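Student: I'll drop the sequence and a predicted model, then ask my questions.
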Amino acid sequence: MLKWVAMNIYFFKLASFLYLFGTLAYLAYIIFLKETLSKIAATIVSIGFASHTLAILTRYVEAGHTPVTNLYESLSFFAWMIIGILLVVNLKYKVKVLGSFLTPIALILVLFASALPKEIFPLAPVLKSFWHPFHVIFAFLGNAIFTLTFCCAVMYLIQEHQLKSKKMGAIAKRLPPLNLLDDLSYQSLKFGFPLLTLGIITGAVWAEFAWGRYWNWDPKETWSLITWLLYAALLHQRLTVGWRGRKAAIMAIVGFLAALFTFLGVNLLLPGLHTYANWE
C-alpha cells in the first residue's frame, strides 16, 4: 500500500515540475517567438501529462475508486483534463501560443493541490454510486473545455484591442487571427455545453440515489444551474442571433468565472451537501 501511495505522489510531483518548466518554456516562446522553444515546451508538457496520467492511474489502483473525492484529487484531475485538452486541440489547430495560456492555469491548480493533504481515505457511503465516475468525468471534462473557451476569449479581447487601437504591439504578432480565436471558442462551446449538461443530469441521478431527491437546491446545484444557464444563453445567442466577437468573448469569460466559482468557491465558501469537507 505504501509503495502505491508513494508512487502516485511521486508521479504527481514529477508532473508538477514538468508543468512548471513547460509553462516557463511557453512563456519564453511567447516572448521570443522561437520555434524551438515551442517544441521544447510541447515536449515537456506532454511528458508531464504522461506522468500525471500515471499518478491518477496508480492512485486509482490504490484507492479502488475514481480518485476525485476530495479537493486535492479534484484539482489534480481538473489540471490533467486541461492539459489533455491542450494536447488534443494542438493536434488539429496548431495554435502554439495556446499553451502559454492553458498551461499556467493547470500549473496553478497543481501547485494549489500540492499544498493539500494527499492521504487516501475510505470512500464515503454517499460516493459509492455507479453514477459518481460518470458525473465527475462529464463535469470536469466540460469545465476543462470551457477553460479553453475562456482562454480564447481572453486572447480575442487582447487582439481586438490591439487592432482597434491601431497600435500593433508585439502581442499582436503572437496571437492568432480574430476569426480563428472566435471559431475555436465557438467549437469548444459546442463540445463543452453538452458535457456540462450530462454532468448535471448524472449528478441529479446520483443525488436521487444518495439523498432520495433529484434536486435539493444545494449551493453547488444552484450554481451549476446558474453556470448552465449562462452557457445556454451564450450558445443560443450564437446559434440564433449570430453573436460573434466581443460580446461572445465577454459572455464566455463570465460563464467560466461562474464555472470556477461553482467548482472552488462553492466548495470552500458555501457549506452544503457537496462540500469537500463532507467528502473527507
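Tutor: In hand now; what should we look at? Given the structure is predicted, the values throughout are model-derived calculations rather than measurements.

Student: Skip the chain neighbours and tell me the closest residue to F17.
Tutor: Nearest non-adjacent residue to F17, counting by Cβ to Cβ, 6 or more residues apart in numbering: G48, 7.9 Å away. In this view, the C-beta of every residue, glycine as well, is placed from N, C-alpha and C.

Student: same question but for H65, I mixed them up
Tutor: Computed as Cβ to Cβ, 6+ apart, the closest residue to H65 that is not its neighbour in sequence is L123, at 5.1 Å.

Student: so how far is W211 from the one you found?
Tutor: L123 sits 17 Å away from W211 when distances are taken as Cβ to Cβ, to the nearest Å.

Student: what about those two, which has more around it?
Tutor: Taking other Cβ atoms under 10 Å, L123 and W211 do not tie; L123 has more neighbours (16 against 13).

Student: For that one, give me phi and psi.
Tutor: Backbone geometry at L123, expressed as degrees, to the nearest 10, gives phi -70, psi 130.

Student: From the chain's centroid, how far away is the helix or strand containing the residue nearest to F17?
Tutor: Per DSSP states H and E: G48 is located in helix 35-63. Centre-to-centre, helix 35-63 and its host chain are 15 Å apart (Cα atoms, centre = their mean, to the nearest Å).

Student: Tell me the helices and strands packed up against it.
Tutor: Contacts defined by 3 or more Cβ pairs under 8 Å, 6 or more residues apart in numbering; DSSP states H and E place helix 35-63 against helix 2-32, helix 71-93, helix 99-114.

Student: Tell me the buried residues in the last one?
Tutor: Okay, so that is helix 99-114. G99, S100, F101, L102, T103, P104, I105, A106, L107, L109, V110, A113 (16 or more other Cβ atoms under 10 Å).

Student: which residues sit against that helix?
Tutor: 12-13, 15-16, 19-20, 22-23, 26-27, 29-30, 38, 41-42, 45, 71-72, 75-76, 78-80, 82-83, 85-86, 90, 147-148, 151, 154-155 (Cβ atoms under 8 Å, 6 or more residues apart in numbering).

Student: what ranges of the stretch 1-150 of the chain fall below the confidence cut-off?
Tutor: Where the stretch 1-150 of the chain drops to pLDDT under 70, the residues are 1-5.

Student: Once you drop chain neighbours, what's closest to W243?
Tutor: Closest to W243 by Cβ to Cβ, 6+ apart is Q237, at 4.0 Å.

Student: Test my guess that the one you found contacts G245.
Tutor: No - using Cβ atoms under 8 Å as the test, Q237 is too far from G245 to be in contact (11.8 Å).

Student: Domain-wise, how is the protein divided?
Tutor: When the chain is parsed with automatic domain parsing, its domains come out as 1-120, 147-280.

Student: right, so of those domains, which gets closest to F130?
Tutor: Closest of the domains of the chain to F130 is domain 147-280, at 8.0 Å (criterion: Cβ to Cβ).

Student: Against Y93, how distant is A204?
Tutor: Here the criterion is Cβ to Cβ. By it, A204 lies 34 Å from Y93.

Student: Who has more neighbours out of those two?
Tutor: Neighbour comparison, A204 and Y93: the larger count goes to A204, with 18 against 14 (by other Cβ under 10 Å).
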